[in-house]
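K.L.:
Here is a sequence with its predicted model. Questions after.
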Amino acid sequence: MSREMGLSHRLTVANLDRTARRVFYYARNAVRDIAPKSLFRRQLDGLLERAIEGGAPVRERLDYYNKLTTSFTPGSEAVTVDNVPWRRSRYYYDFKEYVRFFDPGLRLDVKFGDVRVVPPVPSILKSRPIAGDNANSVVLNLNKFRHFHMPADSVPFSDKMPKVVWRGGLYSPIRKRFMQAVHGLDFCDAGTPSPKAEEQYRKPYLSIDQQRRYRYIVSLEGNDVATNLKWIMSSNSLCLMPEPTFETWFCEGWLKPGVHYVPLAPDFSDLADKVAHYERHPQEAEKIIATAKAYCRPFRDQQLDRSISLLVLYKYFVLSGQVEPDDEIWRFITDRPRAAPARAEERPRVSP
C-alpha cells in the first residue's frame, strides 16, 4: 500500500470512528432523556455516599470546580432542572446527565457555550477565566464529546517527525499572531483549512492521527480553551503553548509550564529555540510527555467524573437554600481539612 493510500485509509477510519462515537453519544443520551426521572433520583443518596469515599483528592477537585462558600439566591433567569433549555444539544445532554439525579423543581442558573466572563450570580458553565475571582463560575464537564476525546497513541516520540504542527481556525488574536510568527519556517507545518483565511495561511486539514505523527504540537486558545489540548497531552507528542488563560473540567489552571507542557512566549519568538532544545535533549521531552499523560488519566474515569459532578451540583443546591444537606455528606464538603496541595507533576491525583 502506498503512503498516500495509507494516509487516506487512516483518515477514513478516523472519520468512521468519530461518526460512530457521535451516533452512540446521541442515542445513549436520547434514551436517558426519555427514561423515568424517578429512576435516577432514587440513586442519588447512594451515589453521593460512594462519591465521598474518594477522600481528599475528590474534595480537592470539588473545591476547584465549585468555589462557592456562602449562601446565595438563584438569579431571575434561573431555570428548573426539568426545564433546561434545549439549545446547543451537546451542552444540554451533558448537563442533563448529572442534573437528572436531582428534584425537577430545583432552580439554577446555567450558561451554555464558550463563556469568557464570570457571571454576576453563581452559574453552571463549561469554561471560565483562570485569573481573578471566578467563584461564581461553577464548572461542569459540558460539551465533552468535542473537548474530552483522548485516543491512545502508539507511536513513540522518537519515531515521530521532528517538526511542529498546528491546525485550526484563525478567529482569535493569538492564533493570527502565531501564524504571522511562524509563516515560512521550514520546521513548522502550521495553517488553517478554512477557505475564508488568507491564502498564505491555508493548509490541508489534518486528522488527530495525522497531527500526532509530529513530535511537537502547538495548542492555542480559541474562543476560550484550546480544543486540542487534551488529546495532545494524552499523546506521545510534546505539547507547546502559551500559558492558558481559561479553564474547564480539565483544570487548565493546574497545568505547570515545563512540567506538563512547554511554555511559549506570547509572541512565539522562542519557538525555534524550544524545538532545538528538545531535539538535543529528547529525554526531557519524554519526561514532560509522561507527566502530561499521567495528568490525563483521571479524566478518563467516567465513574469518577459522575461522582464529582454530582457533588458539584449538590453543593450548589445546598448553598442556594434548596436542599437540606445530609450531615455526613455536608461534613465531607465543608468541615474536612483541606488536602495538602498536590505537587505540580501529580495533579490531579484522583482514584475512585
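P.N.:
Arrived safely, thanks for sending. What you see is a predicted model; the values in this text were computed from it and never measured.
K.L.:
phi, psi of the residue most central in space within the chain?
P.N.:
Averaging the C-alpha coordinates of the chain gives a centre point, and the residue nearest to it by Cα atoms, centre = their mean is F250 (4.0 Å). With angles defined as degrees, to the nearest 10, F250 shows backbone torsions of phi -80, psi 0.
K.L.:
So it is in contact with T227, correct?
P.N.:
No. Checked against Cβ atoms under 8 Å, the pair F250 and T227 is beyond contact range at 10.9 Å. Every residue, glycine included, has its C-beta placed from N, CA and C.
K.L.:
For stretch 168-177, list the C-alpha coordinates in PDB.
P.N.:
Listed in PDB are the C-alpha atoms of stretch 168-177, where the atom choice follows Å, rounded to 0.1, in the frame of the first residue of the first chain:
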ATOM      1  CA  GLY A 168      -7.200  25.400  13.500                       C
ATOM      2  CA  GLY A 169      -9.400  28.400  12.700                       C
ATOM      3  CA  LEU A 170      -7.900  31.900  12.700                       C
ATOM      4  CA  TYR A 171     -10.700  33.500  14.700                       C
ATOM      5  CA  SER A 172      -8.700  34.700  17.700                       C
ATOM      6  CA  PRO A 173      -5.800  37.200  18.000                       C
ATOM      7  CA  ILE A 174      -3.400  34.700  19.500                       C
ATOM      8  CA  ARG A 175      -3.900  32.300  16.500                       C
ATOM      9  CA  LYS A 176      -3.300  35.100  14.000                       C
ATOM     10  CA  ARG A 177      -0.200  36.200  15.900                       C
END
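K.L.:
How many residues are close by V275?
P.N.:
When neighbours are counted by other Cβ atoms under 10 Å, V275 registers 22.
K.L.:
right, I mislabeled it, should have said P195
P.N.:
Considering only other Cβ under 10 Å, P195 is surrounded by 7 other residues.
K.L.:
go on, P173?
P.N.:
Applying the criterion other Cβ under 10 Å, we find 9 residues in the vicinity of P173.
K.L.:
so what pLDDT did the closest residue in space to A135 that isn't next to it in sequence get?
P.N.:
Closest residue in space to A135, ignoring its immediate chain neighbours: K67 at 4.0 Å, by Cβ to Cβ, 6 or more residues apart in numbering. K67 carries a pLDDT value of 98.
K.L.:
Which secondary structure state is assigned to K67?
P.N.:
Secondary structure of K67, reduced to three states by DSSP: H, G, I helix; E, B strand; the rest coil: coil.
K.L.:
which sections of the stretch 251-352 of the chain are below the confidence cut-off?
P.N.:
When the per-residue scores of the stretch 251-352 of the chain are filtered using pLDDT under 70, the ranges that remain are 336-352.
K.L.:
That one: helices as residue ranges?
P.N.:
With DSSP state H, counting those that start in this stretch, the ranges of helices along the stretch 251-352 of the chain come out as 271-280, 282-296, 302-319, 327-334.
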